[in-house]
Structure formats: structure tokens, C-alpha cells
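**Q** Fold the following, please.
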Amino acid sequence: MALKLSKSNSSKLSTRPLTSTYPKQAMFGNHHATVNCNVCHRTMVPRVVSYYGQPLRSICPFCGTTFMKFPSGFQRFVQGFQQRALSFDVFNRLVICALGFGLLWFASLNGILPNFLVPIAILGTSILTPLVLAELLYQCVEQLANKLSHESNYYWAALVLIGIITANTRHDLTIFIVLFSFVMVIRAVIAGVAQARSAPCKWGL
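**A** Numbers count the residues shown, from 1 in each chain. The predicted structure follows:
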């Protein structure tokens, strides 16, 4: 009996950690179940906030700050028309085309090429030059936001606010601001169509 009691007491007073026969990584399939909060820097599992079954965002359960926002249906539709890879390739192509029409205009005016090409060169230069400026502005804003790890929506909101204030204070610049906004919309449509055509078809057609 004394031997049995000593064995039971030694097992109760043992401080050695219990070892499991299963590896820890296999519990989650080599995936991390927790993340670090960007504000309180605690390891946590984000809590999802939903509205009528639609997920809106995930928050930190400790400090309550937003960890990630989930786009709505309209935002997902708009994001499908946005460029996923930031690059100046489109800008370079537009510059080459604009320079080509400019050289065509110069050659037609100097008699090197026929004069009937002058209206075509003027039209092409007038259309491509604003598109070049719009693409340059878009790429600079997106590249800056990506480099600083910021949301580009705040940059665009600031530019829209600056445009509204400028249009209210300088009425002579209102027409140029409206025209450039229209050019930005055209640039977005062209980039969206090009992105949709380059993306793989989801229905296997």
C-alpha cells in the first residue's frame, strides 16, 4: 500500500509538461489561426461584423478596431474593372501613340506627308494627350498609396475635394476640371474593358 501511495503522490507532484503524440501544425493544416492586431499588437482571432447576413468588416476583440473591411457587391463589381497589377505599361503605350500622332501632325504641316492627314493627326493628339495625363495621374496616386501601404480611396477623395474647392473659388477653371474628370472616367472605362478582356473567362466560354 505504501508503494502505491508513493507512486500516486509522485504522479500528482510531477511538474513535467504533458506531451502530445500529434504534431501541433497538423491541427490547422499549416495555417495560422490567429493574427496580430495593427493597433494593440495582440494576437487575436478577428470577429466578423455582419448586417442581415452580409459581412461588413472584421474587428479586434480586444480594442475593437477594424482589422479588415469586406467589399460590398457594387465594390466587387467595380474592383473587377480595376487594374490588379500597377504598371506604367499602358502609360508608355499611350505616350508612344500620342507622339506618333504628333509626328504625323508635324510631317503633314511641313509637306512631308499629304495635308489630308492633318485633321486625323489633330484628332488623335487631342484625344490621346488628356488620356496620357489621366493615366499618369492614376498611376502616380496608386503607386504612392501602394508604396506607403495606404488606401488609395483617401487620396482620390482628397483630390475630389481639392477639385470642388478649386471650382468654387476659380470659376474660370471649372470647365477644365469637369473635362478632366470626364477624361478620368473614360480612362477608367478603357482600363476596365482591357482588364476584363485580359482576365480569364469564368464560365469557360
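**Q** quick one: buried residues of the lengthiest helix in the chain?
**A** When the chain is parsed with DSSP state H, its longest helix is helix 118-147. Across helix 118-147, burial judged by 16 or more other C-beta atoms under 10 Å covers 121-122, 124-125, 128-135, 138-139, 142, 145. (Each C-beta comes from the backbone N, C-alpha and C, glycine too.)
**Q** Equivalent analysis for stretch 88-103, please.
**A** 90-91, 94-95, 97-98, 101-102.
**Q** where does residue 50 fall, helix, sheet strand or coil?
**A** strand (DSSP: H, G, I helix; E, B strand; the rest coil).
**Q** Compute the distance between residue 189 and residue 136, please.
**A** For residue 189, the distance to residue 136 equals 17 Å [C-beta to C-beta, to the nearest Å].
**Q** related to what we said a few turns ago, closest one to residue 53 out of the buried residues of helix 118-147, please.
**A** Distances from residue 53 to the buried residues of helix 118-147, taken as C-beta to C-beta, are shortest for residue 145 (31.5 Å).
**Q** Ignoring the adjacent residues along the chain, who's closest to the closest one?
**A** residue 152 (3.8 Å; C-beta to C-beta, 6 or more residues apart in numbering).
**Q** Go ahead and confirm the one you found touches residue 141.
**A** Yes - counting by C-beta atoms under 8 Å, residue 152 does reach residue 141; the two are 6.0 Å apart.
**Q** For stretch 61-71, output the C-alpha coordinates as PDB.
**A** The C-alpha trace of stretch 61-71 is given here as PDB (Å, rounded to 0.1, in the frame of the first residue of the first chain):
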ATOM      1  CA  PRO A  61     -12.000  41.600 -29.900                       C
ATOM      2  CA  PHE A  62      -9.600  43.400 -27.600                       C
ATOM      3  CA  CYS A  63      -9.500  47.000 -28.800                       C
ATOM      4  CA  GLY A  64     -12.400  46.900 -31.300                       C
ATOM      5  CA  THR A  65     -10.600  48.500 -34.200                       C
ATOM      6  CA  THR A  66     -11.300  47.400 -37.700                       C
ATOM      7  CA  PHE A  67      -9.000  44.700 -38.900                       C
ATOM      8  CA  MET A  68     -10.300  44.200 -42.400                       C
ATOM      9  CA  LYS A  69     -13.200  45.600 -44.500                       C
ATOM     10  CA  PHE A  70     -15.200  43.300 -46.800                       C
ATOM     11  CA  PRO A  71     -16.300  45.000 -50.100                       C
END
